[in-house]
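Peer 1: give the three-dimensional model of this entry:
(2 chains)
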Amino acid sequence: MTLSLYDTMSRSKRPFAPKDPSRVTMYVCGPTVYNFAHIGNFRPVVVFDLLFRVLRDAYGDHAVLYAANVTDVDDKINKKAADEGVPIRTITDRYLDAYNADAAALGALRPTFQPRVTETMDAIIAMIGDLIRNNGAYAAEGHVLFDTQAFADYGKLSKKPMDDLIAGARVDVAPYKNDPRDFVLWKPSKPGEPEWESPWGKGRPGWHIECTAMIEEALGLPIDIHGGGVDLIFPHHENELAQGVCSGHGEREYAHYWLHNGFLNMGEEKMSKSLGNVALAHDLLKTYPGEALRWALLAGHYRQELEWTDSLIEQAKSALDRLYRVLDDSARFLAGEPSADGWQNASAAADHAAVRAALHDDLNTPAAFAALFQLADKVRAAVMAKDARAVASGRGLLVEAGNLMGFLTADPQSWFQSGADDDLKSRVEALIADRHAARAAKNWPEADRIRGELAALNVEVMDGPNGATWRIKEQP
RNA sequence: GGCCCGAUGGCGGAGUGGUGACGCAGCGGACUGCAAAUCCGUGCACCCGAGUUCGAUUCUCGGUCGGGCCUCCA
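Peer 2: Numbering: from 1, shown residues only, chains lettered A, B, ... in the order given. As a prediction, the model looks like this:
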């Protein structure tokens, strides 16, 4: 089965072929760690995590190398550290930990490499040196600038004609620039800012060169896939590409596939911290299960824009509830049956294959979800038909297909009872036992009174043939 | 101004030149002591105009509307 991916460079969907199937490389631009990241920052995290999983599924876990960088040199970090009166590293470590915790809660696997700018400084300086030697960059007044004239293909990725880059845009025109489009590779630090020794004086790297150098060091150039948000196409990725090619480090190649995810919008407005309509993943995770947020982030195709609303999250939660209910019901049914005999449910296997096929079609998550539901329906039907081997096989396939996407990783019971502590659980179990007794005595008013009491605890009880089950109701 | 993307039912959201995915929500029924869950059934759409075609939501052109980038936001 071929994997097809939409490549921004060619503006078309094309079959994916890694340069070396035993060593598939992917790089995605990661966070600047100066605060908790908002949910929009996690769209690429989840999208490219899904791609990471699909690649591992296709080429083998150890054949895929995924690097996502951490920017830990930045003005906002400096300011935060100054405000709190703590070392910069304290800030970056703190928010990197928080970021990784949030990403994990959203079901993202840890990337193979997570390079930091501060730990890649030698490679950055070396690459700048190579660019100068290759006549791709020049030093001026303590700065080193990339010479955009030196790269004939500059603007190719973003499809921007060179002339238009000056005509319409307000480019920062500095006296030390040969051309307004030239961008900084190295610059002097301001007083009090972190600085590193370099052949061009003490200073710090420009943003774009950091990523190029981190790719080079973590994966080696060229790479198979480079990912990030659409907003990074220009100037960031355009500049990365120029640097990578002109440095001569990748046989004049950089990335074979450029993938870009669409923006996440808050209601009508673009989501950004300056507008104040921030939804931190850290906060959302207190209210919603990580899988529900992950589902919501994958509800639309990754290249489309996505409106982030409460309704979207609730629909995602309800969709997952349905799947977990099938898992729960089928597990209860199977509990009283002999263990599976290895027979395979061919119909369910076809749906399982459809999930993978949908993902291989440029990560068509909505189609994958549809196949997941079809598979779930078959498991449900097998439960109703009391066909134990069909249930066992189908359920296994459902879990496997869900896991491929980073879903259905929880035990169904804990999914429905998430948020309940042991104290609440024992109280609920006691009340359910009481209610069971009342129902056995056909004491309906008492049974309903207890159900009301459970409802007051935000617990919903469901009577089934094998006793009552319960779950935590929707968060208020 | 330049470049790029999008417009599908109450909501989210795929896809296709001709039998109207999928999910959430709604409605009717079954089941249930009543509910919930589940099952059966059901209503609801392809921005506008022109063209190509036997036939267009799907292709082409033109509009309208919305969004993104051109400013170290994923």
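Peer 1: count the neighbours of residue A:229 for me.
Peer 2: Residue A:229 has 20 neighbours, counted by other Cβ atoms under 10 Å. (Glycine included, C-beta is placed from N, CA and C.)
Peer 1: which phi and psi does residue A:100 have?
Peer 2: Main-chain torsions, residue A:100, degrees, to the nearest 10: phi -70, psi -40.
Peer 1: so what's it closest to, chain neighbours aside?
Peer 2: Excluding its sequence neighbours, the residue lying closest to residue A:100 (Cβ to Cβ, 6 or more residues apart in numbering) is residue A:110, at 7.2 Å.
Peer 1: gap between that neighbour and residue A:66?
Peer 2: Per Cβ to Cβ, to the nearest Å, residue A:110 is found 9 Å from residue A:66.
Peer 1: higher neighbour count, the two?
Peer 2: Neighbours per residue, other Cβ under 10 Å: of residue A:110 and residue A:66, the larger number sits with residue A:66, 26 against 13.
Peer 1: and the more buried one, that's in a strand?
Peer 2: Yes: per DSSP: H, G, I helix; E, B strand; the rest coil, residue A:66 lies within a strand segment.
Peer 1: so who does it touch?
Peer 2: The contact partners of residue A:66, by Cβ atoms under 8 Å, 6 or more residues apart in numbering, come to A:25-28, A:48, A:52, A:55, A:111-113.
Peer 1: for residue A:283, same thing?
Peer 2: Residue A:283 sits in contact with residue A:36, where contact means Cβ under 8 Å, 6+ apart.
Peer 1: what about the closest residue to residue A:470 other than its chain neighbours, how many neighbours?
Peer 2: Nearest non-adjacent residue to residue A:470, counting by Cβ to Cβ, 6+ apart: residue A:461, 4.7 Å away. Using other Cβ under 10 Å, residue A:461 has 17 neighbouring residues.
Peer 1: show me what the strand or helix carrying residue A:461 pairs with in its sheet, parallel or antiparallel.
Peer 2: Element membership of residue A:461 [criterion: DSSP states H and E] is strand A:459-464. Strand A:459-464 pairs in its sheet with strand A:467-472 (antiparallel), by DSSP bridges.
Peer 1: flag every buried residue along the strand it pairs with.
Peer 2: Going by neighbour count (16 or more other Cβ atoms under 10 Å), the buried part of strand A:467-472 is A:468-472.
Peer 1: need the CA coordinates for that strand. CSV is fine.
Peer 2: The C-alpha trace of strand A:467-472 is given here as CSV (Å, rounded to 0.1, in the frame of the first residue of the first chain):
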residue,chain,number,x,y,z
GLY,A,467,-25.9,-5.3,36.4
ALA,A,468,-25.5,-1.6,36.3
THR,A,469,-22.5,0.3,34.9
TRP,A,470,-21.8,3.9,35.5
ARG,A,471,-19.8,6.8,34.2
ILE,A,472,-18.9,10.3,35.0
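Peer 1: rounded mean pLDDT for it, please.
Peer 2: The average pLDDT within strand A:467-472 is 84.
Peer 1: that older thread, measure the residue nearest to residue A:470 to residue A:292 for me?
Peer 2: Applying Cβ to Cβ to residue A:461 and residue A:292 gives a distance of 22 Å.
Peer 1: identify all contacting residues around the strand holding residue A:461.
Peer 2: Identification of contacts with strand A:459-464 by Cβ under 8 Å, 6+ apart yields A:332, A:420, A:424, A:428, A:432, A:435, A:439, A:451, A:454, A:468-473.
Peer 1: does whichever strand or helix holds residue A:245 come close to RNA strand B?
Peer 2: According to DSSP H and E, residue A:245 maps onto helix A:238-247. No: against RNA strand B, helix A:238-247 shows no contacts by Cβ under 7 Å from any atom of the strand, the least distance being 9.0 Å.
Peer 1: which other residues reach that helix?
Peer 2: Contacts to helix A:238-247, defined as Cβ under 8 Å, 6+ apart, come from residues A:127, A:130-131, A:134, A:136-137, A:146, A:148, A:150-151, A:153-158, A:160, A:183, A:185, A:208-209, A:211-212, A:215-216, A:221-222, A:226, A:250, A:252-255.
Peer 1: right, and the helix or strand after it?
Peer 2: Downstream of helix A:238-247, the next assigned helix or strand under DSSP H and E is strand A:255-261.
Peer 1: can you list the weak-confidence ranges in chain A?
Peer 2: A:1, A:162-173, A:267-278, A:466, A:474-476 (pLDDT under 70).
Peer 1: looking at the buried residues of strand A:467-472, which is nearest RNA strand B?
Peer 2: Of all these, residue A:468 has the smallest distance to RNA strand B: 7.3 Å, by Cβ to the nearest atom of the strand.
Peer 1: and that closest one, what are its bridge partners?
Peer 2: residue A:463.
Peer 1: just checking, it touches residue A:432?
Peer 2: Yes: counting by Cβ atoms under 8 Å, residue A:432 is a contact partner of residue A:468 at 5.3 Å.
Peer 1: what's the domain layout of chain A?
Peer 2: What automatic domain parsing lists as the domains of chain A is A:4-261, A:281-415, A:417-472.
Peer 1: distance from the chain centre to the longest one, please.
Peer 2: Put plainly, it is domain A:4-261. Relative to its chain's centre, domain A:4-261 lies at 17 Å (Cα atoms, centre = their mean, to the nearest Å).
Peer 1: can you check the second one too?
Peer 2: The chain centre lies 18 Å from the centre of domain A:281-415; the measure is Cα atoms, centre = their mean.
Peer 1: near RNA strand B at all, it?
Peer 2: Yes: judged by Cβ under 7 Å from any atom of the strand, domain A:281-415 and RNA strand B are in contact via A:299-301, A:304-307, A:311-312, A:314-315, A:318-319, A:322, A:325, A:329, A:361, A:364, A:366-367, A:369-370, A:373-374, A:377, A:380, A:384.
Peer 1: in which helix or strand does residue A:27 reside?
Peer 2: Residue A:27 is located in strand A:24-28, with elements delineated by DSSP H and E.
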